[in-house]
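K.L.:
Test case, fold it:
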Amino acid sequence: MHHLLRQLLSALWPVLLLAWTGQAQACGRLTLANMNWSSAELLAQVDRLILQAGYGCQVDLVPGDTVPTLTSMVAKGQPDVAPEAWINGVREPIEKAVAAGRLHLAGTALKDGGVEGWWIPKFIADAHPEIRSIADALKRRDLFPAPENRQQGAVHSCPSGWQCQIVMANLFKAHGAAGKGFTLVDPGTAAALDGTVARAHQRQQGWLGYYWSPTALLGQYPMVRLAEGAPHDAAEWQRCTSVAGCADPRPNAWPRAAVHTLVTDRFRQAGGPAYAYLTRRSWDSATLNAMLAWMRTQQATGEQGARRFLQTRPEVWQPWVDPAVAARVRAAL
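P.N.:
As a prediction, the model looks like this:
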């Protein structure tokens with residue numbers, strides 16, 4: 001019996017090997033950008049694990065950052081894939097490369113896009129359902145006391161040197177916040193800004209100011225983004241909202257950041273089913289924030305976060321792949 005089983009396996013092994021290597025050759029070797037922020041590192045590791053185990057790709061992770069990585073893809077066709085490309089800052093050259101067929105927007109990495117704005121803690125929003133906009137919040141300086149003078153309200157701005165610090169100063173002026181008893185607080189650093197949010201939640205005190213999503217902090221401390229009271233006006237943004245010291249700013253909404261998966265034409269042609277996976281792979285900020293919060297509390301690496309995600313959130317990632325691919329990924333974990 002065992003002899004017959006060995007004969008059967010010996011006969012089948014070349015067929016199985018051919019099927020596997022054929023799949024690997026269809027994908028081949030690729031370079032994958034491992035960007036230097038948590039959400040991009042997590043997504044790069046998720047892609048690496050799925051592409052290797054599910055599609056037989058040989059994946060080389062290469063360090064990157066938004067401008068140098070995307071510029072290199074435009075100019076040199078390397079790396080092959082940028083899993084989480086925030087393209088607003090390099091939109092024009094990318095659009096030209098896409099129009100020329102050198103690069104492809106495989107899919108939307110983040111379904112709801114990157115979001116910036118004025119936020120308040122969810123426990124404040126729940127207790128005060130009348131506060132839904134910036135104008136609403138500015139009527140209640142008593143709920144958002146300044147750290148140095150509790151008779152004043154505080155609007156927490158961006159860390160020094162960030163472009164959004166200019167935007168916050170202009171919007172603070174546009175909404176007439178100073179005349180409503182508020183002061184604009186410069187946190188100095190990103191860590192200090194995070195510290196103000198954490199303290200507000202620990203003390204169950206009000207907090208009003210700038211933040212963005214997806215981030216680990218919003219996974220740990222639920223926050224609600226306030227309506228700006230105006231749609232995004234791109235011309236006004238260029239004229240004044242983003243210009244330091246603008247004399248006459250008006251209320252304006254932040255543009256939603258487009259976050260795509262960018263792929264070279266070489267890999268689009270060579271990747272086969274692996275490229276099709278990248279066109280389907282997309283998640284939302286709530287999922288990402290929860291994973292980033294877990295990574296933060298566990299001090300986990302991107303790879304550990306990716307394994308945790310694949311083990312605990314099959315309802316999110318299995319629709320991205322065929323059942324046979326999902327089975328190979330589960331087996332590899």
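
K.L.:
Could you name the helices and strands sitting against the helix or strand hosting R266?
P.N.:
According to DSSP states H and E, R266 maps onto helix 265-270. Where contact means 3 or more C-beta pairs under 8 Å, 6 or more residues apart in numbering; DSSP states H and E, helix 265-270 is packed against strand 103-108. No exception for glycine: its C-beta is placed from N, CA and C like everyone else's.

K.L.:
Let me see the mean pLDDT of the strand it packs on.
P.N.:
Strand 103-108 shows a mean pLDDT of 95.

K.L.:
Dump the C-alpha coordinates for it into PDB.
P.N.:
Extracted C-alpha coordinates of strand 103-108, given in PDB (Å, rounded to 0.1, in the frame of the first residue of the first chain):
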ATOM      1  CA  LEU A 103       2.800  53.300 -14.900                       C
ATOM      2  CA  HIS A 104      -0.600  52.100 -13.900                       C
ATOM      3  CA  LEU A 105      -2.900  52.800 -11.000                       C
ATOM      4  CA  ALA A 106      -3.700  49.200 -10.100                       C
ATOM      5  CA  GLY A 107      -6.300  50.000  -7.400                       C
ATOM      6  CA  THR A 108      -7.300  52.300  -4.600                       C
END
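
K.L.:
tell me what the helix or strand harbouring A40 is packed against?
P.N.:
For A40, the host element (DSSP H and E) is helix 38-55. On a contact count with 3+ C-beta pairs under 8 Å, 6+ apart, helix 38-55 meets helix 2-27, strand 29-35, strand 58-64, strand 81-86, helix 273-280, helix 285-298, helix 302-312, helix 323-332.

K.L.:
Just the buried positions in stretch 134-149, please.
P.N.:
By 16 or more other C-beta atoms under 10 Å, the buried positions in stretch 134-149 come out as 134-138, 140-141, 143-146.

K.L.:
What is the host helix or strand of L262 packed up against?
P.N.:
Using DSSP H and E, L262 sits in strand 259-264. Judged by 3+ C-beta pairs under 8 Å, 6+ apart, the packing partners of strand 259-264 are helix 66-76, strand 81-86, strand 103-108, helix 273-280.

K.L.:
what angle separates the helix holding A40 from helix 302-312?
P.N.:
With axes from the mean of the first three to the mean of the last three C-alpha atoms, to 10 degrees applied, the angle from helix 38-55 to helix 302-312 works out at 60 degrees.
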